[in-house]
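*Asks:* 3D, please:
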Amino acid sequence: MRTRRPLTLWKLLLIEQLRLLALTVSIVVVVIAFATAIDPISDGKLALLDVPKYVLLAIPPMLAYALPFSAGFASTLAYHRFNQDNETIGAYASGIGHRAMLAPALAVGIALTLFLAVLNDQVNPRFVREMQRLITRDLVRMIARSVETGNPVVAGGWVLTADKAYVLPNPPPGYTDQARLTRVVALELGRSDIPDALNVVAVGSSSQADLWLRRVSRSDGAADGSEAIIELGRTVAQPRGDVSLAFAESATLGPIFMPDSFREEPEFLTGTELAGLRRSPDSIDSIAFRKRYLAHALAEPLVVEAIREVVDANVGPNATGEWLRFGFLKGGGRIQLLGRGLRPTPEGWEILPWDADGVRVEYIAPRNTDDGWSADHGIDDRALRRDVRLRARSALIRVNLVRDERQPELTISLELRRTVEDTLDGAGERERLVFASLALAEDDPVARLESVPVEDLLAEARRRIAAQEPGFEQIIRPAGDLENRLHRLYRQITSKSHERIALALSCLTMVATGSLAALRLRAGSPLAVYGLSFLPALFSLIMINGGQHYAHRTGLEGLFIMWLGVAVPAIVALILYRSVARH
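*Replies:* This is a model prediction of the structure:
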């Protein structure tokens, strides 16, 4: 005869578990949410009026930690009370087995696991982002707080220190906040090859400075953030590249862009966004600027080869007469030249003459010129304001790479010597004419390499280093830096994804351990029984969080630690199950 399902028993156990779960989780999660607000309040990052909103935003993320403990506690008390009232003896006597007794607990555990999986993957990252925006939106007060505590303000490539900071009301149109700083010192930092050492390239001091902030939203997919403009009063400064001090009535710093950090940290991203970040890691700034730096380093020898390929095609009886074309990085216009071959010299790469008259050069001026065009083109001669044809006895090309990790720039400069216009005789000869800030107008290697996926770019760098091609020493450091940061990002994505799944599964193991401990220890007190299930639960959360941080730093070893936090409570639950089944 087939045994009927104990629906009434399941209903009673399920209602008791849900009642205790609702009571416990509501208390625990509110306490934890309030605890998260203490630190930003004490640091002055959160206004008191924003505390209720911050606490409400913190409740869903805190459920990831409160719900497993609360579910384990609810299952333990529900089954322990059921056991102490001798209901289990009656159930066993009526033919209801221990597996049927555990069905409500397992149903609650599976439902909460699925709920937590969705919560951790899709909901919590959005709420954490809003919590951070609530803290960082009042950026000017954070700056004022840093000044009051004696900490420097780091913004972009600048470091500012001040004696006092005053937040002012009614900012100008277009700005969200304003402040006034007194006794200000501003340092502009450059790249330093020495760890923990500052390379100060410019410094200025003033008795007073005004600061304005505005929010910036970008449409190109880059991270949003804030722009700061700082106007110093009567300033004593040491400008970049100078050794002497200078005085100015005022000096303006900025706009200094301070991006939001939400896209830089996987904890702020949903599972879908993490998958997209793995496919396109250069969508975040920490990878993008390193990729750009490596692309410029890889492009340096390719630029020379592209130039050589064009001018070498003009050598021999089958010369094509192909012009070498350049564009200006700033402003309009174009310049092209015709020569036969390329020769290395100590000063750069020399373009060999096309014929007896030398190298032929054509300069096409920008269509909309103004008084400042020559500065944009790096030409120290305002006579070239129109399209002109030139002949130069020699032409020298230099490829210059600015080795700045965050703002690399690969430019070409063209120096013409003993140059005359085609319409003039030798009396109009210029001894030296320089065109700076040039780039190849066709098939520019820099633009091509910047569009290459980051993994393919690293593969090309590894190939050149392994083959020890010319200039490979210059790409070892940027390639290694990008590869290390990329692996770190991948580890962070993997560890965060595993952590979310492990936290969800820990809810099921805690519910199972609590209910089995209650069935096994009928004579024990509720506190002692819950202690038996609480310790594995605590071990689980410690191992999961510790494993996530360890996996972020090292990789697979951390994942083993993380999943050990799920496996150990599961093994404890299995041991308790075998003990319950045996008795």
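
*Asks:* Which residues belonging to stretch 403-416 are considered buried?
*Replies:* 408, 410-416 (16 or more other CB atoms under 10 Å). Backbone N, C-alpha and C define where each C-beta goes, glycine included.

*Asks:* end-to-end on that stretch?
*Replies:* Stretch 403-416 has an end-to-end distance of 26 Å (criterion: CA to CA, to the nearest Å).

*Asks:* quick thing: my sequence starts at 47, can you match it?
*Replies:* Okay, residue one is now 47; in that scheme the one you just asked about reads as stretch 449-462.

*Asks:* all helices in the stretch 47-196 of the chain, in order from the N-terminus.
*Replies:* In the stretch 47-196 of the chain, the helices defined using DSSP state H, counting those that start in this stretch lie at 53-88, 97-130, 133-139, 144-164, 170-182, 185-194.

*Asks:* Next: the chain.
*Replies:* 53-88, 97-130, 133-139, 144-164, 170-182, 185-194, 317-325, 331-358, 419-423, 491-496, 500-513, 519-566, 572-599, 602-628 (DSSP state H).

*Asks:* Out of those helices, which gets nearest to Ala441?
*Replies:* Of all those, it is helix 331-358 that lies closest to Ala441, at 9.9 Å by CB to CB.

*Asks:* The closest one: which residues count as buried?
*Replies:* So for helix 331-358, counting by 16+ other CB under 10 Å, buried means 331-350, 352-354, 356-358.

*Asks:* Please enumerate the strands of the stretch 197-346 of the chain.
*Replies:* For the stretch 197-346 of the chain, strands defined by DSSP state E, counting those that start in this stretch occupy the ranges 199-201, 204-207, 210-214, 223-236, 245-262, 271-278, 281-284, 292-294, 297-305.

*Asks:* I'd like the ones you listed laid out as CSV, including distance to Gln514, mean pLDDT and mean neighbour count.
*Replies:* Shown next, in CSV, are the strands of the stretch 197-346 of the chain (distance: least, CB to CB, whole Å; pLDDT from 0 to 100; neighbours: other CB atoms under 10 Å):
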stretch, distance to Gln514, mean pLDDT, mean neighbour count
strand 199-201, 39, 71, 19
strand 204-207, 40, 79, 20
strand 210-214, 54, 81, 15
strand 223-236, 31, 80, 19
strand 245-262, 31, 77, 18
strand 271-278, 41, 77, 20
strand 281-284, 43, 75, 18
strand 292-294, 47, 73, 11
strand 297-305, 38, 72, 17
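
*Asks:* list the contacts for the nearest residue to Ala438 once chain neighbours are set aside?
*Replies:* In space, Ala438 comes closest to Leu462 once its chain neighbours are excluded; the distance is 4.0 Å by CB to CB, 6 or more residues apart in numbering. Leu462 sits next to 405, 407, 436, 438, 440-441, 476, 478-481 when contact means CB atoms under 8 Å, 6 or more residues apart in numbering.

*Asks:* Would you mind listing which of those residues are buried?
*Replies:* The buried subset of the contacts of Leu462 (16+ other CB under 10 Å) comprises 405, 407, 436, 438, 440-441, 476, 479-481.

*Asks:* among these, which one has the lowest pLDDT?
*Replies:* Least confident by pLDDT among these: that is Arg476, with 81.

*Asks:* The residue lying closest to that residue once chain neighbours are set aside and Arg439: what is the separation?
*Replies:* Excluding its sequence neighbours, the residue lying closest to Arg476 (CB to CB, 6+ apart) is Thr465, at 4.7 Å. To Arg439, Thr465 is 8 Å away according to CB to CB, to the nearest Å.

*Asks:* More neighbours: which of these two?
*Replies:* Set Thr465 next to Arg439 and count neighbours by other CB atoms under 10 Å: Thr465 wins out with 21 against 14.

*Asks:* circling back: let me have the helices of the chain in a markdown table, extended by mean pLDDT and distance to Arg226.
*Replies:* Shown next, in a markdown table, are the helices of the chain (pLDDT from 0 to 100; distance: least, CB to CB, whole Å):
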| stretch | mean pLDDT | distance to Arg226 |
| --- | --- | --- |
| helix 53-88 | 87 | 24 |
| helix 97-130 | 88 | 27 |
| helix 133-139 | 79 | 72 |
| helix 144-164 | 90 | 48 |
| helix 170-182 | 81 | 21 |
| helix 185-194 | 71 | 10 |
| helix 317-325 | 88 | 39 |
| helix 331-358 | 86 | 30 |
| helix 419-423 | 41 | 35 |
| helix 491-496 | 86 | 41 |
| helix 500-513 | 90 | 43 |
| helix 519-566 | 89 | 38 |
| helix 572-599 | 83 | 41 |
| helix 602-628 | 87 | 47 |
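
*Asks:* Hmm, Gly601 is touching Arg537, no?
*Replies:* Yes. Contact between Gly601 and Arg537 holds when scored by CB atoms under 8 Å: they sit 5.4 Å apart.

*Asks:* These two: which has the busier surroundings?
*Replies:* Applying other CB under 10 Å to Gly601 and Arg537 shows that Arg537 carries more neighbours, namely 19 against 16.

*Asks:* so what's the more buried one up against?
*Replies:* 597-601.

*Asks:* how about 6 Å then?
*Replies:* Contacts for Arg537 (CB atoms under 6 Å, 6 or more residues apart in numbering) come out as 598, 601.

*Asks:* now it: how far from Val357?
*Replies:* In terms of CB to CB, Arg537 sits 47 Å off from Val357.

*Asks:* one step back: what bridges to the residue nearest to Arg476?
*Replies:* Assessed by DSSP bridges, Thr465 has beta-bridge partners Ala438, Arg476.

*Asks:* Repeat that for Gly394.
*Replies:* Thr391.

*Asks:* Does it touch Ala441 like I think?
*Replies:* No. If you go by CB atoms under 6 Å, Gly394 and Ala441 don't touch, sitting 9.8 Å apart.

*Asks:* Contacts only, for Phe335.
*Replies:* Counting by CB under 6 Å, 6+ apart, Phe335 touches Arg452.

*Asks:* For Val405, see how far away it is.
*Replies:* Counting by CB to CB, the gap from Phe335 to Val405 is 37 Å.

*Asks:* and what of Ile381?
*Replies:* 12 Å.

*Asks:* For the residue nearest to Arg476, which residues are in contact?
*Replies:* Neighbours of Thr465 in contact, by CB under 6 Å, 6+ apart: 436, 438, 476, 479.

*Asks:* which residues sit against stretch 516-525?
*Replies:* Residues outside stretch 516-525 that contact it (CB under 6 Å, 6+ apart): 339-340, 343-344, 347, 507, 510-511.

*Asks:* same check, this time on stretch 139-152
*Replies:* Stretch 139-152 is contacted from outside by 49, 52, 56, 59-60, 121, 557, 561, 626-627, using CB under 6 Å, 6+ apart.
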